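Visitor: dropping the sequence and predicted coords here.
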Amino acid sequence: MSLDEAKEGDKIFKEDGVTFLIEEQLFEQAKPINIDFLDSDRGSGFSITSNLSTGASCDGGCCG
């Protein structure tokens, strides 16, 4: 996730005053995409989940 300016071919979504954008081709591969803000004792940040396959295989390990 990064800050960027909208470009031709981007999908733009607005939610609770925040604007999100993603390349339309990537969106079609990854949808649905869920973005949540988490705040816990260990810190805070965004959790992003989607149907996008990274091609990685994890056997009980952590994939990043």
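Guide: Here it is on my side, so go on. Numbering: from 1, shown residues only.
Visitor: now the most centrally placed residue in the chain: which helix or strand?
Guide: Central residue check for the chain by Cα atoms, centre = their mean: the C-alpha nearest the mean position is that of residue 48, 4.3 Å away. Assessed by DSSP states H and E, residue 48 sits inside strand 43-49.
Visitor: just to revisit the earlier point, hang on, the residue nearest to the centre of the chain packs against residue 1?
Guide: Yes - in this structure residue 48 lies within contact range of residue 1 using Cβ atoms under 8 Å: 6.3 Å. All C-beta atoms are positioned from the backbone trio N, CA, C, and that covers glycine.
Visitor: kindly export stretch 33-47 (C-alpha atoms) in PDB.
Guide: Only the C-alpha atoms of stretch 33-47 are listed here, as PDB (Å, rounded to 0.1, in the frame of the first residue of the first chain):
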ATOM      1  CA  ILE A  33     -10.300  -6.600  -1.400                       C
ATOM      2  CA  ASN A  34     -10.800  -5.800   2.300                       C
ATOM      3  CA  ILE A  35      -8.900  -3.100   4.100                       C
ATOM      4  CA  ASP A  36      -9.200  -2.800   7.800                       C
ATOM      5  CA  PHE A  37      -7.400  -0.500  10.300                       C
ATOM      6  CA  LEU A  38      -6.300  -2.500  13.400                       C
ATOM      7  CA  ASP A  39      -5.400  -1.000  16.800                       C
ATOM      8  CA  SER A  40      -4.100  -3.400  19.400                       C
ATOM      9  CA  ASP A  41      -1.600  -3.600  22.300                       C
ATOM     10  CA  ARG A  42       1.100  -4.500  19.800                       C
ATOM     11  CA  GLY A  43       0.500  -1.400  17.600                       C
ATOM     12  CA  SER A  44      -1.800  -0.200  14.900                       C
ATOM     13  CA  GLY A  45      -1.800  -0.500  11.100                       C
ATOM     14  CA  PHE A  46      -3.700  -1.700   8.100                       C
ATOM     15  CA  SER A  47      -4.700  -5.300   7.300                       C
END
